[in-house]
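In: Take this sequence and fold it.
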Amino acid sequence: MSMRRAGAARRLRGLTEDAAGQMTVEWALVLVAIALPMFVVIRTCLRLLVAHFQMMSGMITLPFP
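Out: So this is what the prediction gives:
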């Protein structure tokens, strides 16, 4: 039983020391941190642009008094 625990402890220690893929994960997190807010900002700006265009189109078609 103690051999099994020692092997498990060794494997856990090996996981914490292994840095393979760390840079990839960091870059993915940076891209997500930049891409998600940009997606929301661009989507909001496009909605505002469409609303403004619709408002101006409605005003232009109004007859002059």
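In: Kindly export the lowest-mean-pLDDT helix or strand in the chain (C-alpha atoms) in CSV.
Out: Among the helices and strands of the chain, helix 2-17 carries the lowest confidence by mean pLDDT, DSSP states H and E, at a mean of 72. Only the C-alpha atoms of helix 2-17 are listed here, as CSV (Å, rounded to 0.1, in the frame of the first residue of the first chain):
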residue,chain,number,x,y,z
SER,A,2,2.8,2.4,0.8
MET,A,3,4.4,1.7,-2.6
ARG,A,4,1.2,2.7,-4.2
ARG,A,5,1.1,6.0,-2.3
ALA,A,6,4.7,6.7,-3.1
GLY,A,7,4.0,6.1,-6.8
ALA,A,8,0.9,8.4,-6.7
ALA,A,9,2.9,11.1,-4.8
ARG,A,10,5.7,10.9,-7.4
ARG,A,11,3.2,11.2,-10.3
LEU,A,12,1.5,14.3,-8.6
ARG,A,13,4.9,15.8,-8.0
GLY,A,14,5.7,15.2,-11.7
LEU,A,15,2.6,17.0,-12.8
THR,A,16,3.5,20.2,-10.8
GLU,A,17,7.0,20.2,-12.2
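In: Now do the helices in the protein.
Out: All helices of the chain, identified by DSSP state H, fall at 2-17, 22-60.
In: Which of those has the lowest mean pLDDT?
Out: If you rank these by mean pLDDT, helix 2-17 sits at the bottom with a mean of 72.
In: Determine how far it lies from the middle of the whole chain.
Out: Offset of helix 2-17 from its chain centre (CA atoms, centre = their mean, to the nearest Å): 34 Å.
In: got JSON lines for the helices of the chain, with mean neighbour count too?
Out: Where you see a C-beta, it was placed from the backbone N, CA and C, and this is true even at glycine. Putting those into JSON lines (neighbours: other CB atoms under 10 Å) gives the following:
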{"stretch": "helix 2-17", "mean neighbour count": "9"}
{"stretch": "helix 22-60", "mean neighbour count": "10"}
